[in-house]
Structures are given as structure tokens and as C-alpha cells.
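> Next come a sequence and a model predicted from it.
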Amino acid sequence: QVQLVESGGGLVQAGGSRRLSCAASGRTFSSYVMGWFRQAPGKEREFVAAVSKGGSSTSYADSVKGRFTISRDNARNTVYLQMNSLKPEDTAVYYCAASQLRTITTMMTTNDFASWGQGTQVTVSS
């Protein structure tokens, strides 16, 4: 399995931006669909975004569509989540995940992903 390490979390004001990164170990990074999920206190982990193996296809949760952008750099074994126009309701622990599914779907679930990072906290103040 691939090992994942997220970074880039922190405190940001509402309306601000933040970019999360997820570094993956191993030489097979390009063989994984990559995704971002988040979990707020007292809530279930929810899908945020996913990107296909080559990076040409993406999918987003409706709550972040138009504000967040997922991308990947297979040469650097890294996936990114650019978050703009942040809202207090975006506050959560953000997790990077890797899937061996053939391609992404419109709304992916935690069951689609076998490898997870430890998470990085993003707090949006109002």
C-alpha cells in the first residue's frame, strides 16, 4: 500500500485560501486514483474531491464545487487541494486517500479508498 502524508492545514479567515498537499511514498503513485475527504467534529467523514490517475478527470462534492480544485503531480508523487473562498463550515480534518479503482466516479465514498493519511486540520474563522 501507499503511505500518505498531508500538510498545509492551519487557521484561515473566512474568504481566504489554503492549499493542502499530500505526499505519497512508493513508485506507483500514478496507478492510484487520489481523493480528499474531510471530517468535522461529530460528523461522518465526507467526500470532497477526487482526481483520476493521469489527472485529466476530477469530481467534487456539491458543497465545494467552484471553490476547491484538486490536482496532482505524478512526477512529485503529490496531490493538492486548493481551497478558495473558505467558509466556517469548511472547518474539518482533511484526509488524503488512495484508491485502486480504475477511475473516479461522481460521488466517491470512503469504501472506495484503501490507504489514508493521518489528516491535517483546517480551521476557518468567521
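Everything's here; your move.

> for the protein, what spans make up the strands?
With DSSP state E, the ranges of strands along the chain come out as 4-7, 10-13, 18-24, 33-39, 46-51, 58-60, 68-73, 78-83, 92-99, 115-116, 120-125.

> The fourth one packs against which elements?
Contact analysis of strand 33-39 by 3 or more Cβ pairs under 8 Å, 6 or more residues apart in numbering; DSSP states H and E lists strand 18-24, strand 46-51, strand 68-73, strand 78-83, strand 92-99 as its packing neighbours. For the C-beta atoms, the positions are set from N, CA and C on the backbone; glycine is no exception.

> make it 6 Å
With contacts taken as 3 or more Cβ pairs under 6 Å, 6 or more residues apart in numbering; DSSP states H and E, strand 33-39 sits against strand 46-51, strand 92-99.

> Relative to S7, which of those strands is closest?
Closest to S7 of the helices and strands packed on strand 33-39 is strand 92-99 (Cβ to Cβ; 9.7 Å).

> Quick check, W116 in contact with A97.
Yes - between W116 and A97 there is a contact at 5.1 Å, judged by Cβ atoms under 6 Å.

> And the contacts of stretch 51-60?
Outside stretch 51-60, the residues within contact range by Cβ atoms under 6 Å, 6 or more residues apart in numbering are S30, M34, A49, A50, I70, R72, T103, I104, T106.

> repeat for stretch 14-29
2-8, 12, 74, 77-84, 86-88, 94, 96, 117, 124, 126.

> Give me the local confidence score for the nearest residue in space to S7 that is not next to it in sequence.
Nearest residue to S7, sequence neighbours excluded (Cβ to Cβ, 6 or more residues apart in numbering): S21, at 5.1 Å. What the model reports as pLDDT for S21 is 98.

> how about the residue most central in space within the chain, what does it touch?
Nearest to the mean C-alpha position of the chain, counting by Cα atoms, centre = their mean, stands W36 at 2.1 Å. W36 makes contacts with V48, A49, L81, as judged by Cβ under 6 Å, 6+ apart.

> 7 Å instead?
V48, A49, I70, L81, Y94, C96 (Cβ atoms under 7 Å, 6 or more residues apart in numbering).
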